[in-house]
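> compute the structure for the input listed below.
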Amino acid sequence: MDITPRVPADRKIVSGYGGGGFRINAERVEGSVLVFPDRWLAWDGDLSVASLAPVIADATVELLLLGCGPSLKPVPNDIRTALQAAGKRVEPMDTGAACRTYAVLLGEGRRVAAALIALP
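Now for the predicted structure:
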């Protein structure tokens, strides 16, 4: 049985992670990233309002999946407040779970982005 979500070919999907980076579609990307349905951006992995400004400014995003690395970490209050003020929700989880959840939600056509801290 194929459980791979159906995602339009023009969408950016995280198809692998680990070794200090990600595979986005067929491209290997080193380091942490911000992934949107139509693009990805290098990210320093800093959990700050300033580093997440591209997500906050993107009117198409309703939900941010925050891949916190190897384990779940709480979302700092200033980040949660800034996202809420911009009409967005945030869900923290480990990076692997965030990659998988992003794929599922993208397949459902949800307005989602992911901030993913790279795993070694």
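
> okay, CA-based contacts and neighbour counts for the rest of this
Noted.

> can you list contacts of the one helix or strand residue 84 maps to?
In this assignment (DSSP states H and E), residue 84 forms part of helix 77-85. With contacts defined as Cα atoms under 8 Å, 6 or more residues apart in numbering, helix 77-85 is touched by 47, 48, 49, 56, 89, 90.

> tell me the buried residues within those residues.
Neighbour counting with 16 or more other Cα atoms under 10 Å marks 47, 49, 56, 89, 90 as buried within the contacts of helix 77-85.

> can you pick out the most distant pair from these?
Maximum pairwise distance among the buried ones among the contacts of helix 77-85 (Cα to Cα): 15.3 Å, between 47 and 89.

> low pLDDT regions in this protein?
Within the chain, the segments meeting pLDDT under 70 span 1-7.

> if we ignore the residues flanking it in sequence, what's nearest residue 112?
Excluding its sequence neighbours, the residue lying closest to residue 112 (Cα to Cα, 6 or more residues apart in numbering) is residue 63, at 4.9 Å.

> any idea what the one you found is bridged to?
Beta-bridge partners of residue 63, counted by DSSP bridges, are residue 89, residue 112.

> and the longest helix seen in the chain, how far from the chain's centre?
The single longest helix within the chain, with elements called by DSSP state H, is helix 95-107. Helix 95-107 sits 8 Å away from the centroid of its parent chain (Cα atoms, centre = their mean, to the nearest Å).

> got a list of contacts for it?
By Cα under 8 Å, 6+ apart, the residues outside helix 95-107 that reach it are 5-8, 13-15, 17, 37, 65-71, 92, 111-114, 116-119.

> number of nearby residues for residue 53?
13 (other Cα atoms under 10 Å).

> distance from stretch 38-54 to the middle of the chain?
9 Å.
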